[in-house]
Structures are given as structure tokens and as C-alpha cells.
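K.L.:
Sharing a sequence plus its predicted fold:
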Amino acid sequence: MSDELVRVEGLHREYRGAGQVVHAVRDVSFRAGRGELVAVRGRSGAGKTTLLNLVGGLDRPTSGRVWVAGREVTGAGERDLLALRRDTIGFVFQSFGLIPILSAAENVGVPMRLAKVPAAEREQRVAVLLELVGLGGQAAQRPYEMSGGQQQRVAIARALANDPPLLVADEPTGQLDSETGRSVMDLLRALVRARGMTALVATHDPTLVELADRVLVLRDGRLVPEREPAAA
Ligand SMILES: Nc1ncnc2c1ncn2[C@@H]1O[C@H](COP(=O)(O)OP(=O)(O)OP(=O)(O)O)[C@@H](O)[C@H]1O
């Protein structure tokens, strides 16, 4: 792949406990190019969340390696990993993960504060991002004053705060009704295209699978070869 952003090689993650070993991700290898929207699908328990957490540096593999934007995630120490997660990877979760006492604008500004972006620039960038996700008029509202779809839009704006080349989204429409989910998916599709970002999105949602450039299917922790019919 000429313009590769994500490279995953031989990734394996086991969980051990109570005499049992669960192989959540087994020998997974793939690459994703810049600007690609890659959907990750598979039944519940297939390993989607585990894979996304490994790629995003939220978890460490038992073996195997991950590179994002030329930097090795799996070899990074805690400090480098923090910087990588702050600057290179934006996260969106099913449960939104907004800070309840902060307004929409303040939530979007959190990653910029962590990156020490000066206040004036922060305010301006937050306003642009809220406008981009269609919430220009809701900057002062707190999460409990917004619908689920609006909260997820705030979370998407927050994920874009430091303009990361990679967006990792775990079931971003899992808590939304199908119409709201569709509009969030359309937004993600449009943002990825407009900003040339790469997105790795775990989903059960057939709509997103339709919008994806490529679909990875996991079954019992393994990638199903693309020629095989998907059974997820
Ligand atoms: N912290 C953990 N300790 C032990 N086992 C775990 C842990 N996290 C996940 N697992 C197991 O690893 C496997 C993969 O789980 P994972 O959450 O990655 O699947 P998933 O495809 O994201 O499922 P879902 O669609 O339900 O979110 C499952 O068998 C799960 O029970």
C-alpha cells in the first residue's frame, strides 16, 4: 500500500483467568491506507473491541506489532503512548464518554488543553469543530441537555480536536436509533473524506458497512479471508 497509515502484523491478545485462556484476537494482520474508512464487523465476542484497543494503544498485545503513522504503538513506552493517543489517534466510543459537568465546547476543548493549545486558538478551533458536526448553536449545552445523537456528535468533534490522522470508533451508533445512527455514520463518512483521515470503525450496523471502503470480518478473533462469505 503506497500511502499506508496503519500496519498490523501478527497481532495476538489472550486473556488468562480462572484456569481459562481466551484468545480474543489471533494472528491478525492488515494494513489501512490514508483516507480509508475500514469497518470491522463480527458477532458479539468476535474480538472487535480488543482489536481496536490494541490498534489505538489502549491495550497491549500478547504478541504482534502495530504501527500508526510510522510510529510503533506496540513498542511505545507510557509517555510516548500518551502523546500518540493525544496527537495521532481520535477515539469515539459507543457510550460517548463526555464529561457531564462540562459544556459541549469544553468537552471538545479537553484534548486541546492536554496538548497545551493556547486559549484563543482553542476557542476558535472548538467553534469550527462544533459547526462541522452541526452543533454550532449548542456550544454551551451540557451532555444531559442533549440527545444521544448530539452527544455522539460532540464526541466526534472531540476526537477531531487535535486533527489526528486516525479515528478509532467502537460501535459509534450502538446506543442510537437507526435514523440518528445513519446521520452519525453519514457524518463520519463525510469527515473522513473531507479531512483525508483513516477510520477504523467496529460496528454491527449494516449502514456503516455499506459506507465503508473496506470491511474486515472477525470470527473468534481471526480475520475471515475476504473471499469467504461473511457470517457475522
Ligand atoms: N478483560 C477481559 N478479560 C477476559 N476476557 C475478555 C476481556 N475482554 C474481552 N474478553 C473476551 O475476549 C473476547 C473478545 O471480546 P471483545 O469485547 O473484543 O469482542 P467484541 O467483538 O467487541 O464484542 P461486542 O460486539 O459484544 O462488543 C470475548 O470472548 C470476551 O469475553
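P.N.:
That came through fine.
K.L.:
Show me which residues of this structure are close to the ligand?
P.N.:
15, 17, 22, 24, 42, 44, 45, 46, 47, 48, 49, 50 (C-beta under 6 Å from any ligand atom). From N, CA and C alone the C-beta is placed, and that goes for glycine too.
K.L.:
Which entries within those residues meet the buried criterion?
P.N.:
Burial by neighbour count, judged by 16 or more other C-beta atoms under 10 Å, picks out 24, 42, 46, 47, 48, 49, 50 from those.
K.L.:
right, and the last one touches residue 59 too?
P.N.:
Yes. If you go by C-beta atoms under 8 Å, residue 50 and residue 59 touch, sitting 6.9 Å apart.
K.L.:
and for those two, which residues touch both?
P.N.:
residue 13 (C-beta atoms under 8 Å, 6 or more residues apart in numbering).
K.L.:
Domain-wise, how is this protein divided?
P.N.:
1-88+164-232, 97-157 (automatic domain parsing).
K.L.:
I'd like those written out as TSV, with mean pLDDT added.
P.N.:
Converted to TSV, the domains of the chain look like this (pLDDT from 0 to 100):
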stretch	mean pLDDT
domain 1-88+164-232	90
domain 97-157	95
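K.L.:
Name the secondary structure element that contains the most centrally placed residue in the chain.
P.N.:
For the chain, the residue lying nearest the average C-alpha position, counting by C-alpha atoms, centre = their mean, turns out to be residue 168 (1.5 Å). In this structure, residue 168 sits in strand 166-170 according to DSSP states H and E.
K.L.:
what packs against that strand?
P.N.:
Packing partners of strand 166-170 (3 or more C-beta pairs under 8 Å, 6 or more residues apart in numbering; DSSP states H and E): helix 48-55, strand 89-93, helix 178-195, strand 198-202.
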